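*Asks:* turn this into a structure:
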Amino acid sequence: MTNRWKTYLLRGALAACVLSGTLFAQDWRPLFTAKSMDGWQHTPADRVTYKLIDGMLVSQMNAKGMMRYSKEAFGDCTIKLVYQMSNNRGNAGVFIRIPTVDSTEKDAINKGIEVQIDETDDDWHSTGVLYSMTRAKARPFKAQGAWNTMEITLDGLRTTVVVNGTMVTDYDGKADVPLKRASYEPDRGPRAEKGYLGLQNHDSRATITFKEISVRPLEKKSGS
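*Replies:* Sure thing, here's the model as predicted:
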């Protein structure tokens, strides 16, 4: 084999590695499909909080509770949610770092973390914050009928939340947070590095629709 052909083959191999790495980095794994909600469980079990309708997860009116993804605990990853609200009065959130697979909604609230979805309150209780524990750096929520994209990244104890391309939350998991001021706010205290995922539904005035919930591993920089 000539040196020229060796060079061509080497360049081709390097290009394939780069392409493969790029594709891997962009590969999102869906947590539901148009025909399957496999792995999702309602809490309480007799209350259907979300249904699969036209290939999307849709919250059910007056079905207060949580739907939990029980197949795995998540850590060192990014969770992407693409959703819309039927109006601006909705009340819902995404639970992360839920400690055990059989946790109740109360456990999720007080031992996990709620990333708020709705945009009806102040900067401590708005889209993309860790509910009542972090203050919004921005408020890029899109109004009723528009699709919003939320990316929640878990990096050890650190949690970042990007909404529609704008950073809303960057919390290291260690810094002090405001004291609990109301009974409905979560208990303060340390949270786990990894845990289960849940969708909260407190809506009686609006529906929330998810057309995508997916996850990909966190890309660690060399040497980290």
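
*Asks:* mind giving me the domain split of this structure?
*Replies:* Listed by automatic domain parsing, the domain ranges of the chain are 1-29, 31-217.

*Asks:* mean pLDDT lowest for which of these?
*Replies:* Among these, domain 1-29 carries the lowest mean pLDDT, a mean of 52.

*Asks:* ok, now which ones touch Lys64?
*Replies:* Contacts for Lys64 (Cβ atoms under 8 Å, 6 or more residues apart in numbering) come out as Arg47, Thr49, Asn201, His202, Ser204. All C-beta spots, glycine's among them, are computed from the backbone N, C-alpha and C.

*Asks:* ok, and the closest non-adjacent residue to the first one?
*Replies:* Leaving aside its chain neighbours, Arg47 sits nearest to Gly65 (4.7 Å; criterion: Cβ to Cβ, 6 or more residues apart in numbering).

*Asks:* is it true that that neighbour touches Asp46?
*Replies:* No. In this structure, Gly65 is not within contact of Asp46 by Cβ atoms under 8 Å, at 9.5 Å.

*Asks:* neighbour-wise, which of those two wins?
*Replies:* Neighbour totals were compared for Gly65 and Asp46, and Gly65 leads with 22 against 7 (other Cβ atoms under 10 Å).

*Asks:* run through the bridge partners of that one.
*Replies:* Per DSSP bridges, the residues bridged to Gly65 are Asn201.

*Asks:* cool, Met85 as well?
*Replies:* Ile208.

*Asks:* how much space separates it from Ile208?
*Replies:* Per Cβ to Cβ, to the nearest Å, Met85 is found 5 Å from Ile208.

*Asks:* could you do Trp124 as well?
*Replies:* Distance, Trp124 to Ile208, by Cβ to Cβ: 21 Å.

*Asks:* and the two? Which one has more around it.
*Replies:* Set Trp124 next to Ile208 and count neighbours by other Cβ under 10 Å: Ile208 wins out with 23 against 18.

*Asks:* so that one versus Met61, what's the distance?
*Replies:* Computed as Cβ to Cβ, the Ile208 to Met61 distance reads 11 Å.

*Asks:* ok, now Thr49?
*Replies:* 10 Å.

*Asks:* between these two, which is the more surrounded one?
*Replies:* Thr49 (25 against 12).

*Asks:* pretty sure Gly55 is touching Ala34, no?
*Replies:* Yes. Assessed by Cβ under 8 Å, Gly55 is found in contact with Ala34 at 3.4 Å.

*Asks:* what count of nearby residues applies to Met167?
*Replies:* 15.
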